[in-house]
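Novice: What would the 3D arrangement of this be:
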Amino acid sequence: MVAAVLIHVGLSVLFLRTVVWEHAASRSDRQFEHGPRRLRVVFAGDSHTRNAIAPRALGQVANVAVAGEHYLKTAARLPWLLDTTGVKVDAVVLPLEATSFTSWKSDHFQPEAVWGRYVDLVAIGAERGDRVGYAGRALKARMAPYVGELDTVISYVAGEAAFRGVVGRAGVFAAGSEAARRGAGVASAVKHFEGQRMDDPAQVAAFRGLVADLRGRGIRVVLMSYPVSDDYFAGSLAYRGRTFAREAILAPMLEAGEVEFLDYEDALFGRDGAFMDADHLNVAGAIQFSKAIRPRLVAMGLLAGDE
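Specialist: You can find the predicted model right below:
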């Protein structure tokens, strides 16, 4: 019995000091905490944001986006970051894309030892009618963080997206044939949208709550659609996630003056050399895109022209 307890404790500590410590969210939190005490702009969101924004090309900004993050996560993590670090932020840029309010991976909070720091899993379980299941996930985050995390450990060992930052060499996506790129775009769209709700109520509520929270702090909220390839764009249109995001969510908020919007979805159509895959920029593409949008951010007063 004693040996089993010691093994459990050892595995828990090992998991926390490796997988959890090196998770992209954890690393981003530490970088944000030890960075400037005041920032003009913080970019938050998922892998589209993570791979599209190169802070060094912009100035006094931070990119806290994490691959796999969705609005149920962002709505908890971003206020947590602001509260725990005390960093003063003038504006936050959030994603407004075809994928923003879908149910795809909306129940994914692994590793719970990471996301359970920000997200109230018990409350989500109550809303979804799965109190026991989500309470178990919350308990696991605290008492047995490594349990059921084989896929996460494999991802950690392999250095996959959850454990790394911007990736992808210039020209990788473009190196494929036109048919291959078209196929990749359709495949990515199917993965993101097939069989999913485009108007997941929990995602919508989390997004609205986050915008209200930021505005209540006196933080300017800007929504942005990030570049995707024309093949991905064409493959995604039939699912109408873009229509819901822009017509049901964005339009009323713009009319009410709650947010501003920057639309760069088609900014790099036909320039596949900037992409890592059908819907993520590579390193060169991120630098190129960040430099290209800088004058617009300056014109909006989000950045100073002399930075």
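Novice: Spatially nearest residue to Asp46 (excluding sequence neighbours)?
Specialist: Glu69 (4.7 Å; CB to CB, 6 or more residues apart in numbering). Just so you know, the C-beta spots here come from the backbone N, C-alpha and C atoms, and that holds for glycine as well.
Novice: isn't the one you found right up against Ser28?
Specialist: No: using CB atoms under 8 Å, Glu69 is not in contact with Ser28; the gap is 9.8 Å.
Novice: who's more crowded, the two?
Specialist: Set Glu69 next to Ser28 and count neighbours by other CB atoms under 10 Å: Glu69 wins out with 25 against 21.
Novice: who's in contact with Ser236?
Specialist: 98, 189, 192-193, 228, 242 (CB atoms under 8 Å, 6 or more residues apart in numbering).
Novice: Among these, list the two that are farthest apart in space.
Specialist: Phe193 and Val228 (12.9 Å; CB to CB).
Novice: neighbour-wise, which of those two wins?
Specialist: The neighbour comparison of Phe193 against Val228 (other CB under 10 Å) goes to Val228, with 31 against 23.
Novice: I'd guessed that one sits against Glu265; true?
Specialist: Yes: between Val228 and Glu265 a contact is recorded at 6.1 Å, counting by CB under 8 Å.
Novice: mind checking how far the residue sitting nearest the centre point of the chain is from Leu72?
Specialist: Nearest residue to the geometric centre of the chain (CA atoms, centre = their mean): Asp46, 1.5 Å. Applying CB to CB, to the nearest Å, the value for Asp46 to Leu72 is 12 Å.
Novice: Where do the strands of the stretch 151-300 of the chain begin and end?
Specialist: Along the stretch 151-300 of the chain, counting by DSSP state E, counting those that start in this stretch, strands occupy 220-225, 260-263.
Novice: Can you list the strands that the first one pairs with?
Specialist: Spelled out, that is strand 220-225. Sheet pairing of strand 220-225 (DSSP bridges) gives strand 88-95 (parallel), strand 260-263 (parallel).
Novice: Dump the C-alpha coordinates for it into PDB.
Specialist: Taking C-alpha atoms only, strand 220-225 is exported to PDB below (Å, rounded to 0.1, in the frame of the first residue of the first chain):
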ATOM      1  CA  ARG A 220     -10.600  47.900 -25.900                       C
ATOM      2  CA  VAL A 221     -11.800  44.700 -27.700                       C
ATOM      3  CA  VAL A 222     -10.900  44.100 -31.300                       C
ATOM      4  CA  LEU A 223     -11.900  41.000 -33.200                       C
ATOM      5  CA  MET A 224      -9.800  39.600 -36.000                       C
ATOM      6  CA  SER A 225     -10.200  37.000 -38.700                       C
END
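Novice: And the strands in the stretch 1-150 of the chain?
Specialist: So, for the stretch 1-150 of the chain - with DSSP E, counting those that start in this stretch - the strands run 38-43, 61-63, 88-95.
Novice: now the chain, which segments are flagged as low pLDDT?
Specialist: 164-172, 306-307 (pLDDT under 70).
Novice: Apply 80 and report the result again.
Specialist: 161, 164-174, 305-307 (pLDDT under 80).
Novice: From Ala57, how far off is the residue nearest to Asp46?
Specialist: 22 Å.
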